[in-house]
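> this one's structure only:
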């Protein structure tokens, strides 16, 4: 799809999740030019700036024509970089999936601390479910189990595929799953059988607690960092009885969707709002370098103006307050 006839236009999508930050740059045709995947390590502001620092060092040319943000930290990211488009993660994952596979039927997305499923009809999203309560089966849970078993998370899926007799693991709850895993480990179960059993249990948990009885229709896409785990992919395929496709940019589909929305918005006159003192299009390298070197910080305080005692979060860039949220009455809004 042609979003911009100008060959040097670049659109950036930023997805700030609970565990990782993703950045994608596309051109006017929606082609991915660069992607970054960075762990937050408890500091999403630093992760966003790190992502833009990597972009600045990449040598990518072109002019910045729009930025979109998504994820649980989308408002934080937008405040720092001056994004013109802010979208929720369901919309962005669905948008990227539809762009890559117009005949998509279902999107399975497993992120750092939540799981989602998006249902499509005739190429358009018609519903979704999320599981944000239990961490069982999410990326952070699998990271923890890989660390406890002494196996790099990158090799977790390969170990699962070696198993010939998967252990039966209780996967409905993260606490019970870990307890069961430890118990069977103490009984002498092989690591590959434990890992395969864990993948099977978590696939069952996903279908029961996230899909919740809704029909999963082909074509099925598996998105999010956990899609790199071949053991989880196989376990999900066995559970739903359908082949699953892992898209080329599976780790950054949310950021890709945000970039696509930014590109669409640019054709309607919505552009990069700018934290660099200009609204005109700037070279990507220059803009990314400036964003990466901003002095950005956040602080929180309790408003004592009334009995609500609202918890206010304040974001500053280069000493200037650029955003606040948390107020029920709007007293602390930044205009």
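All right, it came through fine. What you see is a predicted model, and the numbers here were worked out from it, not measured in a lab. Numbers count the residues shown, from 1 in each chain.
> Please enumerate the strands of the stretch 101-250 of the chain.
Under the criterion DSSP state E, counting those that start in this stretch, the stretch 101-250 of the chain contains strands at 106-110, 115-121, 124-131, 220-223, 244-245.
> winner for burial among those strands?
Among those, strand 106-110 has the highest mean neighbour count (mean count of other C-beta atoms under 10 Å), at a mean of 26. Glycine gets a C-beta too; all of them are placed from N, C-alpha and C.
> Please, where are all the helices along this structure?
For the chain, the helices defined by DSSP state H occupy 44-57, 74-81, 89-100, 139-149, 156-162, 174-186, 191-206, 230-240, 253-266, 284-293.
> Out of the ones you listed, which is closest to residue 326?
Of all those, helix 74-81 sits nearest to residue 326, with 10.8 Å by C-beta to C-beta.
> Show me what that closest one is packed up against.
Other helices and strands packing on helix 74-81, by 3 or more C-beta pairs under 8 Å, 6 or more residues apart in numbering; DSSP states H and E, are strand 9-16, helix 44-57, strand 63-70, strand 85-86, strand 311-317, strand 320-325.
> Looking at the ones you listed, which one is packed in the most?
strand 9-16 (a mean of 30).
> what about that strand, distance to the chain center?
Distance, stretch centre to chain centre, for strand 9-16: 13 Å (C-alpha atoms, centre = their mean, to the nearest Å).
> Just want the angle from that strand to helix 253-266.
Going by axes from the mean of the first three to the mean of the last three C-alpha atoms, to 10 degrees, strand 9-16 is angled at 140 degrees with respect to helix 253-266.
> what are the pairing partners of strand 9-16, and which direction each?
Applying DSSP bridges, strand 9-16 is found paired with strand 20-26 (antiparallel), strand 63-70 (parallel).
> Where among the ones you listed is average confidence lowest?
Here the strands paired with strand 9-16 differ in mean pLDDT, and the lowest is strand 63-70 at a mean of 94.
> for that one, the distance to its chain's centre please.
On C-alpha atoms, centre = their mean, the centre of strand 63-70 falls 16 Å from that of its chain.
> before we move on, what about stretch 183-192?
Centre-to-centre, stretch 183-192 and its host chain are 33 Å apart (C-alpha atoms, centre = their mean).
> Between the two ends of it, how far is it?
End-to-end distance for stretch 183-192: 15 Å, by C-alpha to C-alpha, to the nearest Å.
> got the helices and strands packed on helix 74-81 as JSON lines, with distance to residue 219 columns?
JSON lines is the format used below for those (distance: least, C-beta to C-beta, whole Å):
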{"stretch": "strand 9-16", "distance to residue 219": "23"}
{"stretch": "helix 44-57", "distance to residue 219": "30"}
{"stretch": "strand 63-70", "distance to residue 219": "23"}
{"stretch": "strand 85-86", "distance to residue 219": "27"}
{"stretch": "strand 311-317", "distance to residue 219": "40"}
{"stretch": "strand 320-325", "distance to residue 219": "38"}
